[in-house]
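Asker: what would the 3D arrangement of this be:
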Amino acid sequence: MSDSGDDIRSGLRSGPLSHLRVIDLTRVRAGPTAVRHFADWGADVIRCESPEGLPDDPLSTVRDNFDFQNLHRNKRSITLNLREADGLGVFYDLIKTADVFIENARPDVKNRLKIDYETLSALNPRLVYASISGFGQSGPYANRAGYDQVAQGMGGFMSVTGEPDGTPMRAGTAIADLCSGYFAAMGIMTALLARDKTGKGQYVCTSLLQAQIAMMDFQASRYLVTGDAPERAGNDHPYLTPMGVYETLDGHINIAVATDAQWRALCGVLGDNDLGRDPRFEAIMGRIENRDACKAAVMSLTRRFSSVTLIDRLNEAGVPAGHIYDMKGVFEDPQVKHLGMAADVAHKELGDIKLVSQPIEMPGEVQEPYQGTPA
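Answerer: Next up is the predicted model:
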């Protein structure tokens, strides 16, 4: 067994989840995202790795990759060949000691390896077993390989993303992968709470497709309730305006006007109170009906200000506005620094590095320093 720090090696990690042991048989991104939640909050996470690596998991063979570091921090690891009796026996022994098992293999793979829910729950009835798949554990697509961009397209996200006259557009990050991981973690925590009542574990399932559809939220409910299929609106909000990207003297910013009072405040900051009284734009519905004219009028004025000046003045007037950063700008922002979103990590091979922090705060809970990935 390989591990990455004396605290983890000796089992002395603290934190609100330090009483839990999690067996991790996940790969790529969705599964490791779910596991990371438990590892960050103190659970004893043991990552099971194949001796030859996984040919369809590029992260399994690039251990010093920034992505691997961010996904697999705070874990121990063990190398097991589940295709051999000895390796499977060791794995079963680990399962008997575990609270949670997480995997994201295709349904047919776990049955073939004899690591399915029925087999493992017979060994440990208190086990919470979590599966993340591309399209669900059953149904016509169950054994298809799932990839984030495919789920973005099939879940409707790409149909509402991009310019109105452009092509469907993917998100700039792996939202289906990430959100399925977050939903899996939420489901596992719910099952653990239920176990406190019943004494029994259970099977928790989600998929990239289900997560992506759930993340469509009001766009999905718009169709289900009204039958209206939303279309791409670029950077404009489908129901409110001016809410979107506006050009400044030195770049672009986001402005979000949700009320008539904010509209009047915006016009005041821009130095055109007459615009605020224009009958076409005085009320929300009028601004929506005259969206193009409203946006053009506002843009002609925002171009006169620097981004910093306009953002400061708008926020002082109660109009939400903010920078559009690249990642360098994100981590140089004073609020981001205050929130501690870049965590310091000591790694055996890479030295001192920084990784993305947990976005959840729990005042009173001590957040231990993150440990680097297993060597």
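
Asker: was I right about residue 246 contacting residue 255?
Answerer: Yes - Residue 246 is in contact with residue 255 according to Cβ atoms under 8 Å; the separation is 5.2 Å. C-beta: built from backbone N, CA, C; applies to glycine.

Asker: which residues do the two both contact?
Answerer: 298, 302 (Cβ atoms under 8 Å, 6 or more residues apart in numbering).

Asker: give me the pLDDT for residue 366.
Answerer: You'll see residue 366 listed with a pLDDT of 63.

Asker: quick check: closest non-adjacent residue to the residue positioned nearest the centre of the chain.
Answerer: The C-alpha lying nearest the average C-alpha coordinate of the chain belongs to residue 178 (Cα atoms, centre = their mean; 3.6 Å). Counting by Cβ to Cβ, 6 or more residues apart in numbering, residue 178 lies nearest to residue 33, which is 5.5 Å off, once chain neighbours are set aside.

Asker: repeat for residue 70
Answerer: Looking at residue 70 with Cβ to Cβ, 6+ apart, the closest residue is residue 355, at 4.9 Å.

Asker: pairing partners for the helix or strand encompassing that neighbour, with directions?
Answerer: Element membership for residue 355 (DSSP states H and E) is strand 351-356. According to DSSP bridges, strand 351-356 has the following sheet partners: strand 342-347 (antiparallel).

Asker: need the CA coordinates for the strand it pairs with. PDB is fine.
Answerer: Provided in PDB are the C-alpha atoms of strand 342-347 (Å, rounded to 0.1, in the frame of the first residue of the first chain):
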ATOM      1  CA  ALA A 342      -6.000  28.100  -3.600                       C
ATOM      2  CA  ALA A 343      -4.900  25.500  -1.100                       C
ATOM      3  CA  ASP A 344      -1.200  24.900  -0.200                       C
ATOM      4  CA  VAL A 345      -0.200  21.200  -0.700                       C
ATOM      5  CA  ALA A 346       3.100  19.500   0.100                       C
ATOM      6  CA  HIS A 347       3.900  16.700  -2.400                       C
END
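
Asker: how far off centre is that strand?
Answerer: Relative to its chain's centre, strand 342-347 lies at 20 Å (Cα atoms, centre = their mean, to the nearest Å).

Asker: mind listing what's buried in it?
Answerer: Neighbour counts using 16 or more other Cβ atoms under 10 Å place 343, 345, 347 of strand 342-347 among the buried residues.

Asker: kindly report the same for stretch 176-194.
Answerer: Using 16+ other Cβ under 10 Å as the test for burial, stretch 176-194 gives 176-185, 187-189, 191-192.
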